[in-house]
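>>> 3D model of this:
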Amino acid sequence: MRAVIQRVKYASVTIDGAVKGKIGQGFLVLFGAGEGDTPAQVELLAKKTAGMRVFCDENGKMNLSLSDIGGSVLVISQFTLYADCRRGNRPSFTGAAQPDIANGLYEYYVRLLREEHGIPDVQTGEFGADMKVELLNDGPVTILLDSAELERSRSNAK
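Residues are numbered from 1 along each chain as shown. Below you'll find the predicted structure:
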């Protein structure tokens, strides 16, 4: 599972000319599920997302999390995070999870952010839709989370 997390001043997603989701300060998360990803990995990713301290405190240090600032999240499904560009000029997406599995993991991630991590304003796009995403990246701060790397570092710490 991969997530590109961007600290934003605002973000929105439009589908067929209508705004589907819109947030102020918080995170725009591009979420991609890979072949073999599990609910346990979603749980790890959601916990890391919610707890990430990348918002500035009164001293200008990145010490605050989403809940500390009352931030929002816009989550966009993004299978292209699994693009394999090693051969040729056309990316292969065979590493992405099948759509029904990916959608379930995406919905679980959104639910965890809302219910388990207490982020009241979690907006979404529409899984599989052609979406137009607009944002103002703040910093810019852009962080890549990969569940395989998180699991490796977690098992090495034990």
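>>> specify the beta-bridge partners of the closest residue in space to residue 121 that isn't next to it in sequence.
Of all residues not flanking residue 121 in the chain, residue 72 sits nearest, at 3.9 Å (CB to CB, 6 or more residues apart in numbering). Where C-beta positions appear, they are placed from N, C-alpha and C, glycine not excepted. Judged by DSSP bridges, the bridge partners of residue 72 are residue 26.
>>> can you tell me how far residue 72 sits from residue 100?
28 Å (CB to CB, to the nearest Å).
>>> who's more crowded, the two?
Counted by other CB atoms under 10 Å, residue 72 and residue 100 do not tie: residue 72 has more neighbours, with 22 against 8.
>>> residue contacts, that one?
23-27, 66, 119, 121-123 (CB atoms under 8 Å, 6 or more residues apart in numbering).
>>> average pLDDT for the biggest strand by length in the chain?
Counting by DSSP state E, the longest strand found in the chain is strand 131-146. Averaging pLDDT along strand 131-146 gives 97.
>>> who does that strand touch, helix- and strand-wise?
Using 3 or more CB pairs under 8 Å, 6 or more residues apart in numbering; DSSP states H and E, the elements in contact with strand 131-146 are strand 2-15, helix 39-51.
>>> quick one: contacts of the shortest one?
Read that as helix 39-51. So helix 39-51 is in contact with 1, 3, 5, 27, 29, 65-67, 73, 105, 108-109, 112-113, 116-119, 145, 147, 150-151, 154, going by CB under 8 Å, 6+ apart.
>>> filter the residues you listed down to the buried ones and hand me the PyMOL line.
Buried residues within the contacts of helix 39-51, by 16 or more other CB atoms under 10 Å, are selected in PyMOL with:
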select buried, resi 1+3+5+27+29+65+66+73+105+109+112+113+117+119+145+147+150
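>>> circling back to that earlier point, please identify the deepest-packed of the helices and strands packed on strand 131-146.
Mean neighbours per residue, mean count of other CB atoms under 10 Å, is largest over the helices and strands packed on strand 131-146 for strand 2-15, with a mean of 20.
>>> what's stretch 88-101 in contact with?
Under CB under 8 Å, 6+ apart, the answer for stretch 88-101 is 32-37, 79-85, 102, 105, 127-128.
>>> next one: stretch 13-28
5-12, 49, 55, 66, 69, 71-74, 76, 121, 123-126, 129-135, 138.
>>> now with 6 Å, please.
5-6, 8-12, 71-74, 123-126, 129, 131-133, 135 (CB atoms under 6 Å, 6 or more residues apart in numbering).
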